[in-house]
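Asker: Whatever this is, show me its structure:
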Amino acid sequence: MSRSHAPGTQLILDAPIAKVLWRLATPNVVAVALWTAVTFADAWYVGQLGTAALASLALAFPFLSLMQMMAGGAIGGGITSAVARALGAAEVERAESTAWHAVLIGIAGSGVFMIFLGLFARPIFELLGGEGDALEGAVAYARVAFGGAAAIWFIFVLSAIHRGTGDTATPARAIAAASILQVFLSGALTLGWFGLPALGVPGTATALVVCQGSAAAYLAAHLFRGKGRVRLRPHALQWAPLRDIMRVGGLGLINSACMAMTVVVITGYVGRYGTEALAGYGLGARLELMLVPIAFGVGAALTAAVGINVGAGQFARARRFAFAGAGITLVLTGALGLSVAILPGLWLDLFTADPGAYAYGVTYLAIAAPFYGLFGAGQAFYFASQGNGRMVLPVSVTVIRFLTVAGIGAVAVSLAWEVTALFAAVAVGLTIMGVGQALCVLGPGWRGH
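Answerer: You can find the predicted model right below:
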């Protein structure tokens, strides 16, 4: 078998790191910026419906983030890593087999969310303290968003295949177009623009499924027609490509679950302080969860660049990529965090005028947002570790964060402390993520042993 590399792969192996990151990360960052605009827009539209509607979104949003993190950050990262390492070793047939098995995993993953959250959302949200109109809105949202889980899973799975080849531009175009359309369709279906029915909270979910499903169909056609650097075509079911994806993505599922469950658990605790507290915290937590896709803008490029260099045995260069990408993410997310900590109205004024919810949101941002930069950098290091294919220590950091935050929160609730104790627990968890993930990249797994 030839060990030569395609020109795009060779560039990642040889070109200056800054040039490679600029070329790979810029399309991702642009796409993520537009994706973030959708998150802003959805919260604004729902905010026009009142505090109960915002509380509905606060109940459902952590589970949507969980699905997105599992499909994109966990399984998607495993897919990108496996495809990139195969191409780094100049094994194109292995990369194409990996791509086909990625599709099979996407089918299974979307099926799980369709069953559990599409059908059984009500008892789950009731456990989190949802009641009344807030509960009804969250259930209606979940039936649409998770009933159409395949649309969301496949935009991530198919994007991950493209990124593994070093092509970040094609998925970025699809995501950008879908996001622009979703901003307008979400408003139309939520508030009843252009003569369309005003569906309320489920309107945002309907727009999500329609727009992201369309983008996924475009990406699938691109790969099936052989326009990418690998061709998507059926392969015999084999254990090796599944194992190659899941040794990164499987552990990544634990990571994603712990990240989302950290927000879910704190949401449950905060819900005991009332609907206003839940709505205010939900706005702050929504901003925190938005840091993950921001970090993903750079991080997805890191997964591909690190994976290709690790596949070629260039471990020192792979580590330099990790620190360069984490530095960029630290600046981006740190600036955002400090901005909203000092001027919380930049965020909160967009969504609510309820004085109670607003006050809780201000308190949360003042305590947690200064640590957003550490969290963002930690996420970038995590995505870089996916490219290396060694995930035990990075996932352990996320588990430690979850246990710490949940433990502090349990004590705070049992002793009837003020809600600020819960917000401080979140800040501790953000710090653990940043410092811990940096230490993982300095470990022996990055030395080629």
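Asker: mind saving the C-alpha coords of the helix or strand containing residue 57 as CSV?
Answerer: Counting by DSSP states H and E, the element that carries residue 57 is helix 51-68. Taking C-alpha atoms only, helix 51-68 is exported to CSV below (Å, rounded to 0.1, in the frame of the first residue of the first chain):
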residue,chain,number,x,y,z
THR,A,51,-41.1,33.6,32.3
ALA,A,52,-42.8,30.2,32.2
ALA,A,53,-41.7,29.7,28.6
LEU,A,54,-38.1,30.5,29.5
ALA,A,55,-38.4,28.0,32.3
SER,A,56,-39.6,25.4,29.7
LEU,A,57,-36.5,26.1,27.7
ALA,A,58,-34.3,25.8,30.8
LEU,A,59,-35.7,22.3,31.5
ALA,A,60,-35.2,21.0,27.9
PHE,A,61,-32.0,22.8,26.9
PRO,A,62,-29.6,20.7,28.9
PHE,A,63,-30.9,17.5,27.2
LEU,A,64,-30.6,19.1,23.8
SER,A,65,-27.1,20.1,24.6
LEU,A,66,-26.4,16.6,25.8
MET,A,67,-27.5,15.2,22.5
GLN,A,68,-25.4,17.7,20.6
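Asker: Run the angle between the helix or strand just after it and helix 51-68 for me.
Answerer: For helix 51-68, the following helix or strand on the C-terminal side (DSSP H and E) is helix 76-88. Computed with axes from the mean of the first three to the mean of the last three Cα atoms, to 10 degrees, the direction of helix 76-88 lies at 30 degrees from that of helix 51-68.
Asker: can I get the CA coordinates of helix 76-88 in CSV?
Answerer: The C-alpha atoms that make up helix 76-88 are tabulated as CSV, following Å, rounded to 0.1, in the frame of the first residue of the first chain:
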residue,chain,number,x,y,z
GLY,A,76,-18.3,13.1,16.3
GLY,A,77,-14.9,13.5,17.8
GLY,A,78,-14.3,9.8,17.7
ILE,A,79,-15.2,9.8,14.0
THR,A,80,-13.0,12.7,13.2
SER,A,81,-10.1,11.2,15.1
ALA,A,82,-10.4,7.7,13.5
VAL,A,83,-10.7,9.1,10.0
ALA,A,84,-7.8,11.5,10.5
ARG,A,85,-5.5,8.9,12.0
ALA,A,86,-6.3,6.5,9.1
LEU,A,87,-5.5,9.2,6.5
GLY,A,88,-2.4,10.2,8.5
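Asker: which helices and strands does it pack with?
Answerer: Contacts defined by 3 or more Cβ pairs under 8 Å, 6 or more residues apart in numbering; DSSP states H and E place helix 76-88 against helix 7-14, helix 92-119, helix 149-164, helix 239-270, helix 275-311, helix 372-388. The C-beta positions use only the backbone N, C-alpha and C, and glycine is treated the same way.
Asker: quick one: average pLDDT of the longest one?
Answerer: In this model, helix 275-311 has a mean pLDDT of 81.
Asker: What mean pLDDT does the helix or strand following that helix get?
Answerer: Elements were assigned by DSSP H and E; along the chain past helix 275-311, the next helix or strand is helix 315-342. When the per-residue pLDDT values of helix 315-342 are averaged, the result is 92.
Asker: One more: stretch 100-116?
Answerer: When pLDDT is averaged along stretch 100-116, the result is 94.
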